[in-house]
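>>> Could you look at this predicted model? Sequence included:
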Amino acid sequence: MVSEENYEVAEPLDIDAALDSFWAHAINAGRLYPIESVGGQVDETSLRPGSFSLGDTPQLADELAELIVSGAKRATSSYEPSYMAAGESLPSIGELWIVCDGRGYPRALIRNVDVRRIPFCDVGADIAEAEGEGDLPKWQADHEQIFREEAQSLGIEFDPQENVIVEFFRLLYASDAHIPSSSDAGETATATPTPLSSELPADREEAL
């Protein structure tokens, strides 16, 4: 996922402790078990997944994280040329990610269940609905602005004929907004697990 945190977050020590605590509980509550390989890992539970915040402001990151926790947001999109310009690998099915709020603290554990490559100009209402942020015209306006700004920062041009990468994900585990301090890093956030479903969206476009 090409999603940078362009804002300050709380002390790294506190964030790291919160991520460790979150992951330890997610392993059990999210019913994660060893598998052959996920993102180069021999064991799904051996390494803490990567973490990221959606959006370019703390407020937006909080809002999007809450949409994921509530189940309203089941997908996210990114501009494919940005991956190439940044030298990053494209996302893949099966990847685990920890979604953080605007301060960088963990809110949700997700797994990619489908990854599609779709021209920006061909994105339909189903994608906008899955992203949970409004109707298709709003999705188009918001994402064109985001992708244009991102492309400009990477020294490339936005082209609506280029592909977007749409990641459909399943919520495995979600926590409340309790943030452990360095003095109570061993304490855990109250959390409610969400069972994993292996179902994929029925209307697939070109999958990676």
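Noted; the coordinates are in hand. Residues are numbered from 1 along each chain as shown.

>>> going forward, measure contacts and count neighbours with C-alpha atoms only.
Noted.

>>> wait, doesn't residue 83 sit right on residue 89?
Yes. Residue 83 lies in contact with residue 89 (Cα atoms under 8 Å); the separation is 6.5 Å.

>>> Which one of the two is surrounded by more residues?
residue 83 (17 against 10; other Cα atoms under 10 Å).

>>> For the residue nearest to the spatial centre of the chain, which residues are in contact?
With distances taken as Cα atoms, centre = their mean, residue 99 lies nearest the centre of the chain, 5.4 Å away. Shown in contact with residue 99 (Cα atoms under 8 Å, 6 or more residues apart in numbering): 51-54, 65, 106-110.

>>> What backbone torsions are found at it?
Dihedral pair for residue 99: phi -90, psi 130, per degrees, to the nearest 10.

>>> Likewise for residue 72?
When read as degrees, to the nearest 10, the backbone of residue 72 gives phi -70, psi -30.

>>> Give the burial count for the residue nearest to it when sequence neighbours are not counted, as a bare number.
The shortest distance from residue 72 to any non-neighbouring residue, by Cα to Cα, 6 or more residues apart in numbering, is to residue 132 (5.3 Å). Residue 132 has 19 neighbours, counted by other Cα under 10 Å.

>>> surely residue 132 meets residue 70?
No. In this structure, residue 132 is not within contact of residue 70 by Cα under 8 Å, at 10.3 Å.
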